[in-house]
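# Model the structure of this input:
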Amino acid sequence: MQPERRDSAPDPDLPEGKITTVEMHTGGEPVRIVTAGYPPVLGDTILDKRRYARERLDHLRRMLIFEPRGHHDMYGVIPVEPDHPEADIAVLFMHNEGYSTMCGHAVIALGRYAVDTGIVTPTVPLTAVNIQCPCGLVRAMVEVVLTPTGFRTGSVSFESVPSFAFALDAEAHVPGIGTLRFDIGYGGAFYAIVSAGSVGLDLSTSPFRDVVEAADRITKTVQATVALDHPDDQDLAFLYGTIVTDGGTGKDEPSTNVCVFAEREVDRSPTGSGVSARMAVQLARGDISIGEQCQFRSITGSVFGGRILRSERTGRFDAARVEVAGRAFYSGTSSFTIEEDDSIGRGFVLRP
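Reported below is the predicted structural model:
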C-alpha cells in the first residue's frame with residue numbers, strides 16, 4: 001500500500017507553493033536570504049514595507065525563522081523593491097522577535113550575494129553595492145578577484161548610516177544586578193553597552209547563560225526606563241538589545257563582545273551595527289580617533305574591523321560614519337514548503 005502524497009496540498013499562503021532561499025553565514029551568524037516565493041511586500045517607503053511585513057506577513061517570518069525550519073537564533077533577509085534612487089537592492093531583516101532596522105552581518109553577506117548573482121556588475125578590485133535598509137542607505141564595497149574561470153568575491157566592508165552616542169553613563173536599577181551605569185549607542189539600531197566587569201561577569205570565564213541573562217535584564221530595564229528618539233523617524237527609536245564587552249577598545253588587540261538582541265537572540269558575529277554603535281560611543285568618550293583602526297571579536301572568534309571615517313551631525317547628535325569589514329560564506333540553498341493542515345509546521349520555538 002502506497003502512502004498518500006500530502007505535498008499535493010500546499011498552503012495557500014505561499015503564492016508559488018514554496019519559498020526558496022540562499023543560506024549564508026557571517027562569523028557563524030546565519031543569513032537566510034529569500035530568493036523566490038515570498039508575496040509582494042507593499043508600501044511607499046521601506047519603513048512602510050517593514051510595517052506591512054509585520055502586520056500582514058508575519059506568519060511567513062515565523063515559518064522561516066522558527067522550528068522546524070529554523071531555530072531560536074535564526075536570522076533572515078527579505079529583498080523588497082527599493083524606494084531610494086541610489087539603491088541597488090533593498091531588504092528587510094527578520095529574527096525571532098520581528099524586524100530589525102539594520103544588520104551589519106547580513107549586509108556583509110548581501111554584498112557578496114549581490115555581486116555573485118549579477119544584481120550588481122562586478123568590477124576589480126572592489127565593487128560598490130548600495131543596500132537600502134530600514135535605517136537608510138548602506139554603502140558596501142565587495143572585494144573581487146579575477147580567477148581563470150571568472151571571478152571570486154571575498155571580504156566586504158560597508159559604510160553605515162550616521163552612528164552616534166545617545167547617552168553616556170546613564171543609570172538605571174536593573175533587577176538582580178542593582179544600580180548600573182551604561183551607554184546607549186546607535187549604529188542603525190540602538191544598543192545599551194556595558195562592560196562585563198560592571199555586572200560582575202568575565203566574558204572568558206563566566207557561564208554563557210549568565211551573560212545572556214544579564215544582557216536581557218538590562219535590555220528590558222532600559223526599554224522600560226529610557227525614552228529614545230531618532231532624528232529620521234520614530235520607527236527607528238527602540239532599543240534593539242544589549243552589548244556586553246570585555247571593557248577594551250579594540251585598538252591594541254581585538255575587543256570581545258556578546259550582543260543579545262530581540263528576544264534573547266545571541267549574535268554569533270561581532271555585530272556590524274553594534275560595532276558602529278560601539279565606535280560612536282568610544283569616539284564620544286575620546287577613547288579613539290577618526291581613522292583609527294579597531295577590531296572586535298565575537299563568541300565564535302570571528303573578527304570585524306571598524307574605523308571612523310569622518311564626523312558629522314544628524315539632528316541634534318554629533319555623529320560619525322563608521323566603516324565595518326568582515327567575511328561571509330555560503331552554506332547552502334533551501335526550498336521550504338508547508339502543508340495546509342500542518343499547524344505545528346507554521347513555526348514554534350523550544351528553549352531550555
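# Could you tell me how far stretch 250-264 lies from the centre of the chain?
Stretch 250-264 sits 13 Å away from the centroid of its parent chain (Cα atoms, centre = their mean, to the nearest Å).
# what mean pLDDT would you report for it?
Stretch 250-264 shows a mean pLDDT of 97 in the predicted model.
# and what of stretch 203-222?
97.
# Name the residues of it that are buried.
Within stretch 203-222, the residues scored as buried using 16 or more other Cβ atoms under 10 Å are 203, 211-219, 221-222. In this view, the C-beta of every residue, glycine as well, is placed from N, C-alpha and C.
# For that stretch, output the C-alpha coordinates as PDB.
Extracted C-alpha coordinates of stretch 203-222, given in PDB (Å, rounded to 0.1, in the frame of the first residue of the first chain):
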ATOM      1  CA  LEU A 203      33.500  37.000  29.100                       C
ATOM      2  CA  SER A 204      36.300  34.500  29.200                       C
ATOM      3  CA  THR A 205      35.200  32.600  32.300                       C
ATOM      4  CA  SER A 206      31.600  33.300  33.300                       C
ATOM      5  CA  PRO A 207      28.900  30.800  32.200                       C
ATOM      6  CA  PHE A 208      27.400  31.900  28.900                       C
ATOM      7  CA  ARG A 209      23.900  31.700  30.200                       C
ATOM      8  CA  ASP A 210      24.800  34.300  32.900                       C
ATOM      9  CA  VAL A 211      25.900  36.800  30.200                       C
ATOM     10  CA  VAL A 212      22.700  36.300  28.300                       C
ATOM     11  CA  GLU A 213      20.600  36.600  31.400                       C
ATOM     12  CA  ALA A 214      22.300  39.900  32.400                       C
ATOM     13  CA  ALA A 215      22.100  41.300  28.900                       C
ATOM     14  CA  ASP A 216      18.400  40.500  28.700                       C
ATOM     15  CA  ARG A 217      17.600  42.100  32.100                       C
ATOM     16  CA  ILE A 218      19.500  45.300  31.000                       C
ATOM     17  CA  THR A 219      17.600  45.400  27.700                       C
ATOM     18  CA  LYS A 220      14.200  45.100  29.400                       C
ATOM     19  CA  THR A 221      15.100  47.700  32.000                       C
ATOM     20  CA  VAL A 222      16.400  50.300  29.500                       C
END
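# what's in contact with it?
Contacts of stretch 203-222 with the rest of the structure, by Cβ atoms under 8 Å, 6 or more residues apart in numbering, involve 170, 172-177, 180, 182, 184, 192, 194, 196, 199, 201, 239, 241-246, 256-261, 264, 266, 299.
# Geometrically speaking, which residue is the centre of the protein?
With distances taken as Cα atoms, centre = their mean, the residue of the chain nearest its centroid is Cys103 (2.5 Å).
# excluding its backbone neighbours, what's nearest it?
Phe93 (4.5 Å; Cβ to Cβ, 6 or more residues apart in numbering).
# In a strand, the one you found, correct?
Yes - assessed with DSSP: H, G, I helix; E, B strand; the rest coil, Phe93 lies in a strand.
# got the contact list for it?
Neighbours of Phe93 in contact, by Cβ under 8 Å, 6+ apart: 75-78, 99-103, 106, 133-134.
# got it, and Arg32?
Arg32 touches 21-24, 64-65, 70, 74-77, 334, counting by Cβ under 8 Å, 6+ apart.
# Pop out the phi and psi values for it.
Note on Arg32: its backbone torsions stand at phi -100, psi 100 [degrees, to the nearest 10].
# So in terms of bridging, what pairs with it?
Following DSSP bridges, Arg32 is listed with bridge partners Glu23, Gly76.
# and if you look at Gly332?
Glu23.
# Next, count neighbours for it.
8 (other Cβ atoms under 10 Å).
# roughly how far apart are it and Leu168?
43 Å (Cβ to Cβ, to the nearest Å).
# How about Phe336?
From Phe336 over to Leu168 (counting by Cβ to Cβ), the distance is 44 Å.
# picking that back up, so which of the contacts of Phe93 is surrounded by the most neighbours?
Counting by other Cβ under 10 Å, Cys103 has the largest number of neighbours within the contacts of Phe93, with 34 neighbours.
# which helices and strands sit right next to the helix or strand containing Thr21?
Using DSSP states H and E, Thr21 falls within strand 19-26. For strand 19-26, the packing partners by 3 or more Cβ pairs under 8 Å, 6 or more residues apart in numbering; DSSP states H and E come out as strand 29-36, helix 58-65, helix 104-116, strand 329-336.
# could you check the angle helix 104-116 makes with the following helix or strand past the third one?
The helix or strand immediately downstream of helix 104-116 is strand 126-133, counting by DSSP H and E. Our comparison of strand 126-133 with helix 104-116, counting by axes from the mean of the first three to the mean of the last three Cα atoms, to 10 degrees, yields an angle of 130 degrees.
# What is the burial count for Thr225?
12.
# contacting residues for it?
Per Cβ under 8 Å, 6+ apart, neighbours of Thr225: Ala172.
# Roughly how far does it sit from Ile184?
11 Å.
# what's the answer for Thr45, then?
26 Å.
# who has more neighbours, these two?
Comparing Thr45 with Ile184 by other Cβ under 10 Å, the one with more neighbours is Ile184, at 21 against 14.
# List the residues that contact the more buried one.
Residues near Ile184 by Cβ under 8 Å, 6+ apart: 165-167, 170, 190-193, 222, 226, 228, 239.
# among those, which are in strands?
165-167, 170, 190-193, 239 (DSSP state E).
# Pull out the buried residues from the residues you listed.
Here, 16+ other Cβ under 10 Å leaves 165-167, 190-193, 239 buried among the ones in strands among the contacts of Ile184.
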